[in-house]
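*Asks:* Have a look at this prediction, sequence included:
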Amino acid sequence: MKILFTCRYLILVIGLISCHTRESRIIGETEILKWPEGKKTAVSLTYDDGSINQFRIALPMMDSLGFPATFYIITGQIPGSRFLPGFIGRPEGEILRESAGIPTHKDNLFERASLAAYAPWQGLREYHTRAGELYESGKTEEACRVIDEAFEKIRNGELKKVSKRDPYQSGENSITWDNIRSIAQHGHEFGSHTITHPRLAVLDEKNLLYELEKSREDILNFLGPGHTFSAECPYGTENERVMEYAYDIYPALRNRMPADYLAELNRGNRENPGSFENEYVQWQRGPLTDTPMELMKSWVDTCLAKDNLWLVLVFHGVEGIGWESKSSDELQEYFNYLDHHREKIWIATFRDVTRYIRERMNATVEQVRESKALKIKLTHNLDQGMYNFPLTLKTYIPAGWDQVQGFQDVKVLKIRKFSDEKGDFVVYNAIPNAGDIQLSGK
Ligand SMILES: [Zn+2]
């Protein structure tokens, strides 16, 4: 009986000590929230190909709700672009004559498929596109036969030669660089969708690099470096060779951006995004003309039921213009649905979500408890010119701090105070590598 009493007493004392140390240990404890402002999910609204109603119809709807968009544009179609479509390589006559004696095979396919992408014969681009599609689905032989067929038609005069390829969209249906610049200044992201929208996987090195590098150069010249961060290689390609070249040129690709903390489910993937335990899951969905509204809304619901999903929506045509177009009524209804859940959804450009995730996954948080303040250091080793998006931090504070003040370097932080079962905490945004964070209370 006596022993039991002693034990009980000891347990009580240990309990008091551990309770006290647990409380003090938690003070200053800081974590970077998975999404800004403690949201449940992120949604990026992306548009491909730059068709005109994306800007005339979808953009004003998004602006009125304050949604930022990401537009992947085909720079060779925009009047005033410096880098226009064109084949880079040996004289076309030489390649065509050679094709009469030597059938297309895996070693000359890329040169010939490149010529087929740009040479000025009517309908030739379609042969290039078909060959590229076959090649990417592993049918190299069939791809070669498609090029042989096209070149034979050219040699036999069955395809009409056009004097000059007009790379531009017809006058009133074309967006200008001036329009694009003003849209970009309102918080929307632009990214490259190459110069001519080819099947990059069947281009040879020179033409592949031209499409990727020179499209970037036009965007850089017209819009500045903020719009050369992300790109989308056409047809959602995941071809390894293309990805390797593209990654040397763009920090982020909507096609793929492998990282162990990120699962990527492309538009064709049928797996359940909720079954992945990665820290983040990028879930791409491409609403087509026939995609029902209920299905589109269910994607949002799925994301709200988890905390690691990033829904990347891929739109093409709008109101009859562009591939697989959606009507303006559907877009409005869908945007309203997103807006209805706005409290829990972070709607942001592809660039900003990528930056938030990469910064958070590469950041180090150190905390020092001083007598009347908490000091927090938030740093990462990424390129600081590019990765300076504010991260949302949560820091436990001492009980009794009724009013909390915060600075990062000399900048006043907007602090919000909450409490949970572990104690009182504050939530605030800070930029990595932008100086020490100082919290104090009274
Ligand atoms: Zn496209």
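*Replies:* Nice, I can see it.
*Asks:* part of a helix, is residue 440?
*Replies:* No. Residue 440: not assigned to a helix; according to DSSP: H, G, I helix; E, B strand; the rest coil it is strand.
*Asks:* Distance check, the nearest residue to it once chain neighbours are set aside against residue 355.
*Replies:* Nearest-residue entry for residue 440: residue 373, 4.2 Å, with adjacent residues in sequence omitted and distances by C-beta to C-beta, 6 or more residues apart in numbering. Every C-beta, even on glycine, is put in place using the N, C-alpha and C of the backbone. Per C-beta to C-beta, to the nearest Å, residue 373 is found 29 Å from residue 355.
*Asks:* Equivalent analysis for residue 213, please.
*Replies:* Distance from residue 213 to residue 355, counting by C-beta to C-beta: 22 Å.
*Asks:* how about the residue nearest the centre of the chain, what does it touch?
*Replies:* In the chain, the residue lying closest to the centroid (C-alpha atoms, centre = their mean) is residue 350, at 3.2 Å. With contact set as C-beta atoms under 8 Å, 6 or more residues apart in numbering, residue 350 has these partners: 44, 46, 70, 189, 191, 230, 252, 254, 312.
*Asks:* same question, residue 264
*Replies:* Residue 264 neighbours (C-beta under 8 Å, 6+ apart): 256-258, 281-282, 284.
*Asks:* picking that back up, of residue 373 and residue 355, give the one with the bigger neighbour count.
*Replies:* Comparing residue 373 with residue 355 by neighbour count (other C-beta atoms under 10 Å), the higher total belongs to residue 355, at 23 against 15.
*Asks:* re the thing from before, quick one: which of the contacts of residue 264 sit in helices?
*Replies:* Under the assignment DSSP state H, the contacts of residue 264 contribute nothing to helices.
*Asks:* Mark which of those residues are buried, thanks.
*Replies:* 256-257, 281-282, 284 (16 or more other C-beta atoms under 10 Å).
*Asks:* Let's see which of the residues you listed end up in strands.
*Replies:* Members of those lying in strands (criterion: DSSP state E): 281-282, 284.
*Asks:* which of those residues lies closest to the ion?
*Replies:* Taking C-beta to the ion as the measure, the ion lies nearest residue 284 of these, at 13.5 Å.
*Asks:* Tell me who's in contact with that closest one.
*Replies:* For residue 284, the contacting residues are 254, 264-267, 269, 312-314, by C-beta under 8 Å, 6+ apart.
*Asks:* quick one: which of these is most hemmed in?
*Replies:* Neighbour max across the contacts of residue 284 (other C-beta under 10 Å) = residue 254, 26 neighbours.
*Asks:* can you pull the contacts of the residue nearest to that one when sequence neighbours are not counted?
*Replies:* Nearest residue to residue 254 in three dimensions, chain neighbours excluded: residue 232, at 4.3 Å (C-beta to C-beta, 6+ apart). Going by C-beta under 8 Å, 6+ apart, residue 232 touches 46, 48, 72, 191-193, 253-255.
*Asks:* One more pass at 6 Å, please.
*Replies:* 72, 193, 254 (C-beta atoms under 6 Å, 6 or more residues apart in numbering).
*Asks:* Please apply the same query to residue 41.
*Replies:* By C-beta under 6 Å, 6+ apart, the contact set of residue 41 is 303-304, 309, 345.
*Asks:* right, and the pair among the residues you listed with maximum separation?
*Replies:* Within the contacts of residue 41, 309 and 345 form the most distant pair, 10.6 Å apart (C-beta to C-beta).
*Asks:* Just the contacts of residue 284: which are in strands?
*Replies:* Among the contacts of residue 284, the residues falling in strands (DSSP E) are 264-265, 312-314.
*Asks:* Could you dump those residues into a markdown table with pLDDT and distance to the ion added?
*Replies:* Formatted as a markdown table, the ones in strands among the contacts of residue 284 follow (pLDDT from 0 to 100; distance: C-beta to the ion, whole Å):
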| residue | pLDDT | distance to the ion |
| --- | --- | --- |
| 264 | 97 | 18 |
| 265 | 97 | 19 |
| 312 | 98 | 15 |
| 313 | 98 | 14 |
| 314 | 98 | 9 |
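*Asks:* where does residue 274 land in three-state SS?
*Replies:* helix.
*Asks:* what about the residue lying closest to it once chain neighbours are set aside, which helix or strand?
*Replies:* Closest residue to residue 274 in three dimensions, ignoring its sequence neighbours and counting by C-beta to C-beta, 6+ apart: residue 306, at 5.6 Å. Assigned by DSSP states H and E, residue 306 belongs to no helix or strand.
*Asks:* which residues sit in contact with the residue of the stretch 151-300 of the chain found nearest the ion?
*Replies:* Proximity of the stretch 151-300 of the chain to the ion (C-beta to the ion) peaks at residue 234, 4.7 Å away. Shown in contact with residue 234 (C-beta under 6 Å, 6+ apart): 194, 197.
*Asks:* now the strands for the stretch 101-250 of the chain?
*Replies:* Using DSSP state E, counting those that start in this stretch, the strands of the stretch 101-250 of the chain run over residues 189-192, 230-231.
*Asks:* near the ion, which residues of the chain?
*Replies:* Applying C-beta under 5 Å from the ion, we find that the chain lies next to the ion at 48-49, 234.
*Asks:* ok, now with 8 Å
*Replies:* 48-49, 72, 74, 193, 197, 232, 234-235, 316, 323 (C-beta under 8 Å from the ion).
*Asks:* Which among those count as buried?
*Replies:* 48-49, 72, 74, 193, 197, 232, 234-235, 316.
*Asks:* Closest one of those residues to residue 411?
*Replies:* Each of those was scored against residue 411 by C-beta to C-beta, and residue 72 proved nearest at 34.1 Å.
*Asks:* Residue 309 and residue 345: which has the busier surroundings?
*Replies:* Each of residue 309 and residue 345 has its neighbours counted (other C-beta under 10 Å); residue 309 has more, 24 against 20.
*Asks:* Look up the residues forming beta bridges with that one.
*Replies:* residue 281 (DSSP bridges).
*Asks:* Looks like it contacts residue 281 (just checking).
*Replies:* Yes. Using C-beta atoms under 6 Å, residue 309 is in contact with residue 281, at 5.2 Å.
*Asks:* low-confidence ranges in the stretch 251-400 of the chain?
*Replies:* Low-confidence regions of the stretch 251-400 of the chain, defined here as pLDDT under 70, do not occur.
*Asks:* And the helices in it, which stretches?
*Replies:* For the stretch 251-400 of the chain, helices defined by DSSP state H, counting those that start in this stretch occupy the ranges 293-304, 328-340, 350-362.
*Asks:* Many thanks, I have nothing further to ask.
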